[in-house]
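Colleague: Here you go, sequence then predicted model.
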Protein chains: 2
Amino acid sequence: MPPHIDETHDAQRLSWVEGANAGGDFPIQNLPLGIFSRAGGAPRGGVAIGDAILDLAALARGGLLSGEALTAAEAASAPTLNAVLELGAAPRRALRRAVSALLSHDAAQRSRVEPLLVKMADATMHLPARIGDYTDFYVGIHHATTVGSLFRPDNPLLPNYKHVPIGYHGRASTVRPSGTPVVRPLGQTKAPDAQEPTFGPAARLDYELELGVWLATGNAQGSPIPIAGAQDHIAGLTLLNDWSARDVQAWEYQPLGPFLAKNFLTTVSPWLVTMEALAPFRQAQPPRPEGDPRPLPYLWDEADQAAGSFALNLEVHLSSAAMREQGLTPLRLSHGSADAMYWTIAQMVAHHASNGCALQSGDLLGTGTLSGPSEDSQGSLMEITRGGAKRLTLPTGETRAFLEDGDELALSGRFEAEGFRAIGFGACTGIVEAARTA
Amino acid sequence: MPPHIDETHDAQRLSWVEGANAGGDFPIQNLPLGIFSRAGGAPRGGVAIGDAILDLAALARGGLLSGEALTAAEAASAPTLNAVLELGAAPRRALRRAVSALLSHDAAQRSRVEPLLVKMADATMHLPARIGDYTDFYVGIHHATTVGSLFRPDNPLLPNYKHVPIGYHGRASTVRPSGTPVVRPLGQTKAPDAQEPTFGPAARLDYELELGVWLATGNAQGSPIPIAGAQDHIAGLTLLNDWSARDVQAWEYQPLGPFLAKNFLTTVSPWLVTMEALAPFRQAQPPRPEGDPRPLPYLWDEADQAAGSFALNLEVHLSSAAMREQGLTPLRLSHGSADAMYWTIAQMVAHHASNGCALQSGDLLGTGTLSGPSEDSQGSLMEITRGGAKRLTLPTGETRAFLEDGDELALSGRFEAEGFRAIGFGACTGIVEAARTA
């Protein structure tokens, strides 16, 4: 077997848990980590399997684990996963192998594990970790080019783009799990032809399809993370929706970047899909187009290039309130692969820490919008409707330039590779609510 | 007495604590809050008085407090001040009045309080709070104009500046207390005439003179903070040095703003000077120049305008390693008042939360560089040396375009008003160390 592929990735392995073998996002090959609670209970760590959650605190107490797997399960018994993330890869891997064995169709201990399962329908999901800092990158080159051309028609892709993994700091306090209502923000905007700005509900509310990267271990302030080891600092991935108020953004973003246009809410899928689960879906980073500069040495690692991309299909669906009332299928806004990342997630980490900036366990990085090269794979309405110029028609006959109150937006992603069972992220959704005005 | 002025501000009140009456930053009229530790001990809350620190945990246990003052002292016994900040103004004020009485020259309980004092020389200072998010604003209009003219000669002050309190998210994990070494960051830079970027120690290392604003209480996500109540969310101020690598900044900052140029370190003075202590030093916000736009209603409050500025003098001193070896007095780089803030701190808070962004107890806001209108009041070397073009000569004959290894940079600030005893922030210093290259 290739490195990092083990019996937990065996496509033939089935689980005795109902729903785990039905082709959903959470077969026994996935086993993502998350924080859940039941009515009246404290948040605690769990593993998704089919339509259920394995309670890790109960498992740790149950006498079914030992060694590093037990250490990891105990660390995951807290209201956040920070402690287990901080342990790094080895205990996480040990826990994965132990849980996989316990949930496998041939597990002898089934009768002792079954009482430790909680139905997903009975649980509330929380953020997987207490986020120290949240940083959003801009590695989707098609998005950067298309949006750049809207903001700066003469200069879409700036000269630094192919040298620097561009990123900026986002707001940690407003990252929320899937399902959190998207209250339309108020903001200051100025139409290009207006004399003065005004303040009111944002009119150009948009989404951005991104991946979230959760950090396992950090670095001491002043000590960069070499690119060759950067991968080891990453715990796993989620989906991330960087909700954006385009009219606020256009007026505020110069010279220091987006601020209130983005920081009212960022939604993530609550299940952290671990790097262990992703091993079968790693693929070579697409070669840079001829003529593009070779990255500086602090960003270049052959092993990272050889496995820096993921066999991941991403989709976005929209349903208006009227569509849901009429029982209509959500409209697919885009579908595409995630290989449009100009920089790998290891390059993002190495760049971030290259000046000695202290990264911490539980930090969240966003990739930036992952649009593909074609019109049907664009990851924001800004791109799909050409900044609102080309309205979208919904199955009800309604049209959209940007998101309207009542709209539900859903991101989804599936990892697929020949010979392996596909896995996914679970839900990353939000319904737009009307602005709260005094 | 005017509102918020009470017996704790009485200029005649002296303390029995040695050094408190000698004209330093910490007379009995100040009583700032901070987190200190002694060798081998856990960090805990304290109040600065003269050259000593009153241990609040010991005071809480000592039977000398009651009611809200006791509640506040107990909350301040933790390794961060977050819990006491979260209580809001009333318990903070009650603690201030009780501590002022106990430290007053006529205090009957002197013998019971004296054992609770720790010499500052025996203590290590920490950050006052666990910072949820750190946001840096840009309200120093002279700085924005001067720096803008260096980055964008044709367009120094952008059209949004007088309408929007421009701000952006900074890095919370690298905010550190005074005295933390300033390790010269590595970074990617490209000289304007170079073909390709390079990676190495930043050559244009600079400081920025700012105020730090510590938040007491936050707001629920989705619920803005009205400008009229914004003041109540602020606990107090510190000095803040936004260390900046100008060569990294110039290459990376478009289109999303400064990132690695700033996030390697931000230094704050560790003593949080409370809004209660600052009551005598409030003054009217200078009127906007004729022709400037009136702010939108969500940013406008007459009471805030009437007392939104501070009678504060700021200074910056530099000493090279050679100057210190020769026992030379540090060179004053600038001195000026803090009234060049185009927006008040209440306006910063109201704007930040205007889109529903959740602010939290212990969040830190920077004002942006507070340069005055004259050449001797500019708050960064970028401004003083015109981007390095006009080198500065030190008393040793050395010259500086930007900071060199071994340089010590010190910010200081004194609040002064007729009829009141002046108070200050204490130290906000850092010595530049050579880059750590592999």
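Modeller: Here it is on my side, so go on.
Colleague: Show the contacting residues for the closest residue to A:C357 other than its chain neighbours.
Modeller: Once flanking residues are discounted, A:C357 sits nearest to B:N263: 4.7 Å by CB to CB, 6 or more residues apart in numbering or on different chains. The way it works is simple: take the backbone N, C-alpha and C, and place the C-beta from them, glycine included. Residues counted as contacts of B:N263 (CB atoms under 8 Å, 6 or more residues apart in numbering or on different chains) are A:H169, A:N355, A:C357, B:G170, B:R171, B:T174.
Colleague: Surely the fifth one is in contact with A:Y168?
Modeller: The one in question is B:R171. No - using CB atoms under 8 Å, B:R171 makes no contact with A:Y168, being 10.3 Å away.
Colleague: Next, give phi and psi for A:D122.
Modeller: phi -100, psi 0 (degrees, to the nearest 10).
Colleague: From chain B, how far out is it?
Modeller: Distance, A:D122 to chain B, by CB to the nearest CB, to the nearest Å: 25 Å.
Colleague: and that residue, how many residues sit next to it?
Modeller: Per other CB atoms under 10 Å in any protein chain shown, the neighbour tally for A:D122 reads 11.
Colleague: Is it in contact with A:R38, as I believe?
Modeller: Yes - in this structure, A:D122 is within contact of A:R38 by CB under 8 Å, at 5.9 Å.
Colleague: Mind jotting down where the helices sit in chain A?
Modeller: Ranges of helices in chain A, per DSSP state H, are A:56-61, A:67-75, A:82-86, A:89-103, A:110-113, A:141-151, A:227-230, A:246-252, A:275-278, A:302-307, A:321-325, A:345-353, A:381-384.
Colleague: Out of these, which is closest to A:G426?
Modeller: Proximity to A:G426 (CB to CB) singles out helix A:275-278 among these, at 12.6 Å.
Colleague: Looking at the contacts of B:N263, which one is closest to B:T238?
Modeller: Using CB to CB, the contacts of B:N263 come closest to B:T238 at B:G170, 14.6 Å.
Colleague: give me the number of residues near the closest one?
Modeller: Using other CB under 10 Å, B:G170 has 25 other residues around it.
Colleague: Then A:A220?
Modeller: 10.
Colleague: cool, and the one 3 residues further on?
Modeller: When counting by other CB under 10 Å, one arrives at 13 neighbours for A:S223.
Colleague: Let me see the contact set for the closest residue in space to it that isn't next to it in sequence.
Modeller: Spatial nearest neighbour of A:S223, excluding adjacent residues (CB to CB, 6+ apart): A:G356 at 6.4 Å. When contacts are counted by CB under 8 Å, 6+ apart, A:G356 is found next to A:Q221, A:G222, A:S223, A:P224, B:V183, B:P185, B:L186, B:F264, B:L265, B:R436.
Colleague: Mind picking out the helix or strand in chain A with the poorest mean pLDDT?
Modeller: Across the helices and strands of chain A, mean confidence by mean pLDDT, DSSP states H and E is lowest for helix A:141-151: a mean of 88.
Colleague: Could you list every helix and strand that that one packs against?
Modeller: When contacts are defined as 3 or more CB pairs under 8 Å, 6 or more residues apart in numbering or on different chains; DSSP states H and E, helix A:141-151 sits against helix A:381-384.
Colleague: and the helix it packs on, which residues are buried?
Modeller: Neighbour-count burial for helix A:381-384, counted by 16 or more other CB atoms under 10 Å in any protein chain shown, picks out A:L381, A:M382, A:E383, A:I384.
Colleague: so A:W251 touches A:Q188, yeah?
Modeller: Yes - applying CB under 8 Å, one finds A:W251 in contact with A:Q188, separated by 6.4 Å.
Colleague: tell me, what's touching these two both at once?
Modeller: Counting by CB under 8 Å, 6+ apart, the residues touching both A:W251 and A:Q188 are A:P197, B:V164.
Colleague: show me where the stretch 301-438 of chain A has strands.
Modeller: A:309-310, A:312-319, A:331-337, A:364-366, A:392-393, A:399-400, A:408-415, A:423-424, A:428-433 (DSSP state E, counting those that start in this stretch).
Colleague: export the buried residues of helix A:381-384 to JSON lines and tack on pLDDT and distance to chain B?
Modeller: As requested, those are exported to JSON lines (pLDDT from 0 to 100; distance: CB to the nearest CB, whole Å):
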{"residue": "A:L381", "pLDDT": "97", "distance to chain B": "19"}
{"residue": "A:M382", "pLDDT": "95", "distance to chain B": "14"}
{"residue": "A:E383", "pLDDT": "96", "distance to chain B": "16"}
{"residue": "A:I384", "pLDDT": "97", "distance to chain B": "21"}
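Colleague: for these, which one is nearest B:G212?
Modeller: Taking CB to CB as the measure, B:G212 lies nearest A:M382 of the buried residues of helix A:381-384, at 35.2 Å.
Colleague: Need the nearest residue in space to the closest one, chain neighbours excluded.
Modeller: Closest to A:M382 by CB to CB, 6+ apart is A:D206, at 5.3 Å.
Colleague: and that neighbour, what is it in contact with?
Modeller: Per CB under 8 Å, 6+ apart, neighbours of A:D206: A:W243, A:S244, A:A245, A:R246, A:S380, A:L381, A:M382, A:F402, A:L403.
Colleague: Over to A:A144?
Modeller: Taking CB under 8 Å, 6+ apart as the test, what A:A144 contacts is A:Y138, A:P156, A:L157, A:Y161, A:I166, A:Y342, A:G368.
Colleague: Quick one, grab the pLDDT at the closest residue to chain B within chain A.
Modeller: Closest approach between chain A and chain B, counting by CB to the nearest CB: A:G257, at 2.7 Å. The score at A:G257 is 93. That number is its pLDDT.
Colleague: Quick check: the two most widely separated of the contacts of A:A144?
Modeller: Greatest spatial distance among those (CB to CB): A:P156 and A:G368, at 14.8 Å.
Colleague: Please tell me the pLDDT value assigned to the closest residue to A:V113 other than its chain neighbours.
Modeller: Spatially, and ignoring its direct neighbours in sequence, A:V113 is nearest to A:L102 (5.0 Å; CB to CB, 6+ apart). Listed pLDDT for A:L102 reads 98.
Colleague: Would you confirm that A:L102 contacts A:L64?
Modeller: Yes - proximity of A:L102 to A:L64 meets the contact threshold set by CB under 8 Å, at 6.2 Å.
Colleague: ok, these two, which is more surrounded?
Modeller: Each of A:L102 and A:L64 has its neighbours counted (other CB under 10 Å); A:L102 has more, 24 against 20.
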